[in-house]
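> sequence unknown, structure follows:
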């Protein structure tokens, strides 16, 4: 059986990898309900595609729009690394450069929004570099975590092709409690038991890398307390599927499944009162004629041509579909973003008010992403120090590698809006630095503004003292 969808698939019964595959097809919007030309044609919801009939596919799959909203909005958010140690800041920036983080970040964010999970492996290549590898979630067959939600074990199963063009499975298993990792290449499939894989092609100990934890980080878009994270659309798959069925069924009725749309009917009867089937006469070419570019056919007496397309109340049927799409938007509030008209003329404050539910979801995702990234950075610094790549003092355990990643808010206020908000805070007696932070100004701008204000205050004081001295001098001269 292929990878197409059928009505027998129940979303809550899917394995994690089957769910990933389904989300893939929903995201791509292509071949969503096709399984092959010999599949069972009785599947109601496009379980197959007939060899002689191309079904209409007016899908209402919104997964792509949802995922792209989060990727497009979060990928452009600048990330500033801060730490009490400039060495830590420099080292983290170097890890990002070696990892090509500015590019793989886009893929990571898409993985998180679509699959609900991001997996980062921290690798040292033995050539004086340490960097991130972004692992596609479907390659992570299983994980376990400790009570702090850090990975305790992880298994990867990746299809590969060897130098002899053989289809193999690359299996990698890491265990924190055992303190080791092993790698196999085999032909036993992704569900093979580890004890049946034979001798590993490679194995080693965590201590050999200077760590006692796994060099992996899992980041969840939405953490529901379960093993796997939840993506932006996973909770709405049934509703999305229902909208697809409604749209496809409505289109089938309109286009008659791309079959015949005309029928010839007649009320003729023979001498015994039995009905005579209607038929076209082909005795001469006069039965067909054209006029003004249109083709016409002559029918026998008492015969008429009727349309087989049902007389639908299309607006009413479309309203049902639109209602289902509105229901989907309640679960996927980010879809409202695509409905905003002339959003370029809307203020950041207006957009945030209209999209508060989507902004809340995006902020949760961004916070989870940053916290996972900070942990990945710390692991990279630990490995880098062990191999002499970074000249750092202290270690991860004593907090020497602590750092923060700050980001501006999503949909920031315009400069006019910031100035208006700032004036309200200052007029209320709030300190300038606090008022500027609450108004959305960056730390760099705040520091510069405070310096300029301090210089202005000192200049004003000096001018006041000079004016006072001049007045006193004139007064004494007058005496």
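Structure received. Just so it is clear, the model here is predicted, and its values are computed rather than measured.
> Could you pull out the helices in the stretch 351-479 of the chain for me?
Ranges of helices in the stretch 351-479 of the chain, per DSSP state H, counting those that start in this stretch, are 356-386, 415-427, 432-438, 443-478.
> hey, which of the ones you listed is tucked in deepest?
When the helices of the stretch 351-479 of the chain are scored by mean count of other C-beta atoms under 10 Å, the highest mean neighbour count falls to helix 356-386 (a mean of 20). C-beta here means a position set from N, CA and C on the backbone, and glycine is covered the same way.
> isn't residue 79 right next to residue 408, touching?
No. In this structure, residue 79 is not within contact of residue 408 by C-beta atoms under 8 Å, at 9.7 Å.
> So which of those two has more stuff around it?
Taking other C-beta atoms under 10 Å, residue 79 and residue 408 do not tie; residue 79 has more neighbours (16 against 13).
> how about residue 131, what does it touch?
Counting by C-beta atoms under 8 Å, 6 or more residues apart in numbering, residue 131 touches 95, 98, 99, 100, 122, 123, 125, 380.
> meant to ask about residue 409
residue 440.
> In terms of pLDDT, where does it sit?
If you check residue 409, the pLDDT there is 80.
> picking that back up, so which of the contacts of residue 131 is the most crowded?
Highest neighbour count within the contacts of residue 131, by other C-beta under 10 Å: residue 380, with 28 neighbours.
> Quickly note the distance from that residue to residue 225.
Distance of residue 380 to residue 225, computed by C-beta to C-beta, to the nearest Å: 28 Å.
> the bottom helix or strand of the chain by mean pLDDT?
In the chain, no helix or strand scores lower on mean pLDDT, DSSP states H and E than strand 288-291, which sits at a mean of 58.
> Would you map the strands across the chain?
Taking DSSP state E to define them, one finds strands in the chain at 80-82, 117-124, 130-135, 140-145, 151-161, 167-175, 180-186, 202-205, 216-220, 262-266, 288-291, 294-297, 303-307, 404-406.
> of all the ones you listed, which lies closest to residue 360?
The closest of the strands of the chain to residue 360 is strand 216-220. By C-beta to C-beta, the value is 16.0 Å.
> ok, residues contacting the closest one?
Outside strand 216-220, the residues touching it (C-beta under 8 Å, 6+ apart) are 108, 112, 116-122, 143, 145, 151, 154, 174, 228-230, 368-369, 371-373, 375-376, 379.
> which neighbours does that strand have in its sheet, and in what orientation?
strand 117-124 (antiparallel) (DSSP bridges).
> What lies in contact with the strand it pairs with?
In contact with strand 117-124 (C-beta under 8 Å, 6+ apart) are residues 108-109, 111-112, 130-135, 137, 140, 154, 209, 215-221, 228-229, 369, 372-373, 376, 379-380, 383-384, 387, 389.
> tilt between it and helix 356-386?
When axes from the mean of the first three to the mean of the last three C-alpha atoms, to 10 degrees is applied, the directions of strand 117-124 and helix 356-386 differ by 20 degrees.
> any idea of the mean pLDDT for strand 117-124?
97.
> Distance from that strand to the middle of the chain?
Computed by C-alpha atoms, centre = their mean, to the nearest Å, the chain-centroid distance of strand 117-124 equals 18 Å.
> Kindly report the same for stretch 128-141.
Worked out by C-alpha atoms, centre = their mean, stretch 128-141 lies 18 Å from the chain centre.
> and what of stretch 82-102?
25 Å.
> Same question for stretch 124-132.
On C-alpha atoms, centre = their mean, the centre of stretch 124-132 falls 29 Å from the chain's centre.
> which parts of that stretch are buried?
Judged by neighbour count (16 or more other C-beta atoms under 10 Å), stretch 124-132 contains these buried residues: 124, 129, 130, 131, 132.
> What residues are bridge-paired with the third one?
Residues found in beta-bridge contact with residue 130 (criterion: DSSP bridges) are residue 124.
> heads up, I number from 375, so please use that
Fine by me, first position is 375 from now on; the one you just mentioned is residue 504.
> Surely it and residue 753 touch.
No. Residue 504 lies out of contact with residue 753 (C-beta under 8 Å); the separation is 9.0 Å.
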